Every structure is written in structure tokens, then in C-alpha cells.
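Trainee: with the input below, show me the fold.
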Amino acid sequence: MMLPFYVAAQPDEWLLCIRNGRLVKAGVGISLWRRPGDVVVRFTSTVQRVGFSAHALSREHLLISIDGFILWSVSAQGEGPFRAFQKLGVINLDRPPRDLKSAKHLLSTPQHHAFQKLLAAAVQRLATAMTLDQLLLGQDALVAGLTAQLAPLEQEMGVHLERVEILQVCPADPELLRQMSARVEERVREEAGAARAESRRQELARERSLQLAEEANAHEVAKAVLQREELQLQARLDRTRREAEANRDAIAAVTSAEEQKSPGVRDHELSRLVAEKVGDALKALPLHEARWISVGQDSPATSLASLIQTTREAISR
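Mentor: Residues are numbered from 1 along each chain as shown. Next comes the predicted model:
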């Protein structure tokens, strides 16, 4: 059986012990002994959500509607839980109000509505310093501004802002909304056209790059073919030159050998060659019956000898 002076909190609950108006002990999920006269406060440690919806005027004095929410919790720094209990009127689960809907709520309904009005007022102050385009397109700036405005409240009221979100910003006038929608659609079309043009430009650039690469490859291939043909031509020229040099050396060797022969040997070889040539010439003539006819006083033998001598002299020359 739990003693009446022993108090324990759940793992998701704050437990505060206040003595003579001063915080003695605070923590989440802790337990403590309560002395006579001590005030014990217990409330949830879960993150709370407060939504807001505000009508505000932009810098151009155009009426707009802004919806959003914040997530917050009790600060664990220093006496944050005690200040939250003092300033916000956090619900004490040991003495809950009759209209409490859930033990996970930190604020009662009136306090929750007051918090919403506080947020709406902060949003209205921010909107007056921003243009309509800034509010519609620069919601990060609105979130940053709202976070900065609420920062002093964190220290003063012992709370911690977990997150600030803007859900929607739109003109309250339907006609203005229609006109802005038309401008947005036109801008979207222009941006889409620019994107298509840029895509086409990049595609043409890629095609040009591929064409240049193909031309470069073709140039390299032609260069390689030319180099191969030049090597083949050089090889043929080298072979022809070697063959010419070999023929020259062979002729020189034959000439040298002929020059080293004695006059008698050369005369003998020349006479034999002449006889062979004359014989070949006579064989080539279409003669079926041959008769020797002498013209002049020379005998046939003398005429034949003269013919051989004449042929020999021609060959020698």
C-alpha cells in the first residue's frame, strides 16, 4: 500500500515539489517524499501541439489568411517546469479540472485558446512587415520570424519550442486569389518553356559534342591510315633500293670478273657467242632450200668469215 506522503510520477510525467513557494525538486518519472505543507505538482511531459489561424494585412495592406501550428514542451532547463506551472497555469494532474479531456494535455481549454491568440498576434505583427510575394513564396522567412518573436517567451514561461510550421498562406479576397493564380500559371508556363528551351539547348550541345567526337575519331583513323600507307611506301622504296643496289653489285662483280679474264679467253668466248647468234639467226629464217650465191670475187668461206667478223665487231661495240 502506497503511503500518502510518498508520490511517484509516470515515465512521461513531470513531478515538482514546491516548499514555501520555492522549487525543491523537479524531474520526469521521479518519486519523492512529501512533507507537511509541501505542494506537489504532476503534469505530462509529452510534446504539445497548438494550431493557429490568423487574418493579417501584408505590407501592401492586402488581407491574407495564415494557418500553422507549433509544437512545444515544458523546458527542462533550470526552473523551467516551475515557471511553466506559474505562468501558463499548467494542469496539475493531482487536482485536475472537471473539463479535462485528456491527461496528456498541459493546458485547459481557456488557456489553450489564449495561447492560440498569442500566436495569431505574433503572426499579424510579422505579416505587416512582409510583402504578399514574400508571404506566399518565402514562408521560411515567416517561420524564422515567428520563432524569433517567440524566443523570449521560452525563457519567461519555461517552455521549449520544438517546431514552428506554416501550413497555408493565401489571400482572403477570392478575386485576388484568382488573379494571383493566373499570374502563377503564366509564370509556370514561362518557366516550363525556359526549361524546355534549356533542355533542347543541352540536347543540341550533346549532339554537337558527339559529332565533334566522331569527327575527331575519323581524323585519327585517316591519320593512322596515312601513316600506314607512308610506312608501306617507305618499305617498298627500301626494297627497290636494296634490289637496285644488289643488281648494281652483281653487275659490278660480273664486270670485274670479265675485266680479270685474259684477252685470249675473251676472244674465244666472243667468237663462240657470235657463232651461236649467227646459228640462231639462220634457224629463225624461213628457208626450205638454201643455196650459196657469191657476189663478187670472195669465196663462200671468205664471205662467212667476213659476216662473223662484222657481227663480232657489232657485239663488241
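Trainee: what does stretch 8-24 contact?
Mentor: For stretch 8-24, the surrounding residues in contact (CB atoms under 8 Å, 6 or more residues apart in numbering) are 2, 7, 25-32, 34-35, 37-46, 74, 79, 81-82, 85, 93. (Glycine included, C-beta is placed from N, CA and C.)
Trainee: now do the same for E186: helix, strand or coil?
Mentor: Secondary structure, DSSP: H, G, I helix; E, B strand; the rest coil: E186 is helix.
Trainee: count of residues packed around it?
Mentor: By other CB atoms under 10 Å, the residues close to E186 number 10.
Trainee: contact partners for it?
Mentor: Not one residue lies near E186 by CB under 8 Å, 6+ apart.
Trainee: S108 reaches I91, doesn't it?
Mentor: Yes: contact between S108 and I91 holds when scored by CB atoms under 8 Å: they sit 6.1 Å apart.
Trainee: which one's more surrounded, the two?
Mentor: With other CB under 10 Å as the criterion, S108 and I91 differ in neighbour count, and I91 comes out ahead with 22 against 17.
Trainee: rewinding a little: of the contacts of stretch 8-24, select the buried ones using a PyMOL command.
Mentor: Selecting in PyMOL just the buried members of the contacts of stretch 8-24, where the criterion is 16 or more other CB atoms under 10 Å, is done with this command:
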select buried, resi 7+26+27+28+30+32+34+38+40+41+42+43+44+45+74+81+82+85+93
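Trainee: flag the shaky bits of this protein, pLDDT-wise.
Mentor: Applying pLDDT under 70 to the predicted model, the residue ranges of the chain that meet it are 1-4, 177, 180-181, 184-185, 266-267, 274, 277-278, 281-282, 285-317.
Trainee: now do the domain split for it, please.
Mentor: Partitioning the chain according to automatic domain parsing yields domains covering residues 6-172, 174-256.
Trainee: rebuild the ones you listed as TSV, extending it with distance to K283.
Mentor: As requested, the domains of the chain are arranged in TSV below (distance: least, CB to CB, whole Å):
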stretch	distance to K283
domain 6-172	117
domain 174-256	28
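Trainee: tell me which of those sits most buried.
Mentor: Among the domains of the chain, ranked by average contacts under mean count of other CB atoms under 10 Å, first place goes to domain 6-172 (a mean of 16).
Trainee: start and end of it, how far apart?
Mentor: For domain 6-172, the separation between the terminal residues is 56 Å (CA to CA, to the nearest Å).
Trainee: and stretch 38-57, how far out from the chain's middle?
Mentor: Shown here is stretch 38-57, whose average C-alpha point lies 46 Å from the average C-alpha point of the whole chain (CA atoms, centre = their mean, to the nearest Å).
Trainee: follow-up on the earlier one: so what sits against both of S108 and I91?
Mentor: Residues within reach of S108 and of I91 at once, by CB under 8 Å, 6+ apart, are 97, 100.
Trainee: and the helices in the protein?
Mentor: Assignment of helices within the chain using DSSP state H yields the ranges 80-87, 109-127, 132-137, 139-157, 174-260, 263-284, 300-316.
Trainee: wait, which of those helices is closest to R163?
Mentor: R163 sits nearest to helix 139-157 of all these, at 9.3 Å, using CB to CB.
Trainee: chain center to stretch 251-269: distance?
Mentor: On the basis of CA atoms, centre = their mean, stretch 251-269 is displaced by 86 Å from the centre of the chain it belongs to.
Trainee: with just CA atoms, put it into PDB.
Mentor: As requested, the backbone C-alpha atoms of stretch 251-269 are provided in PDB (Å, rounded to 0.1, in the frame of the first residue of the first chain):
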ATOM      1  CA  ILE A 251      76.900  -6.100-112.500                       C
ATOM      2  CA  ALA A 252      80.000  -4.700-110.900                       C
ATOM      3  CA  ALA A 253      81.000  -8.200-109.900                       C
ATOM      4  CA  VAL A 254      80.400  -9.600-113.400                       C
ATOM      5  CA  THR A 255      82.300  -6.600-114.900                       C
ATOM      6  CA  SER A 256      85.200  -7.100-112.600                       C
ATOM      7  CA  ALA A 257      85.300 -10.800-113.400                       C
ATOM      8  CA  GLU A 258      85.200 -10.000-117.200                       C
ATOM      9  CA  GLU A 259      88.000  -7.500-116.700                       C
ATOM     10  CA  GLN A 260      90.100 -10.100-115.000                       C
ATOM     11  CA  LYS A 261      89.900 -12.500-117.900                       C
ATOM     12  CA  SER A 262      92.800 -12.700-120.400                       C
ATOM     13  CA  PRO A 263      92.300 -11.300-124.000                       C
ATOM     14  CA  GLY A 264      92.500 -14.800-125.400                       C
ATOM     15  CA  VAL A 265      89.700 -16.100-123.200                       C
ATOM     16  CA  ARG A 266      87.600 -13.100-124.000                       C
ATOM     17  CA  ASP A 267      88.200 -13.600-127.800                       C
ATOM     18  CA  HIS A 268      87.300 -17.200-127.600                       C
ATOM     19  CA  GLU A 269      84.000 -16.500-125.600                       C
END
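Trainee: thought L106 was touching Q48?
Mentor: Yes: at 5.3 Å, L106 counts as touching Q48 under the criterion of CB under 8 Å.
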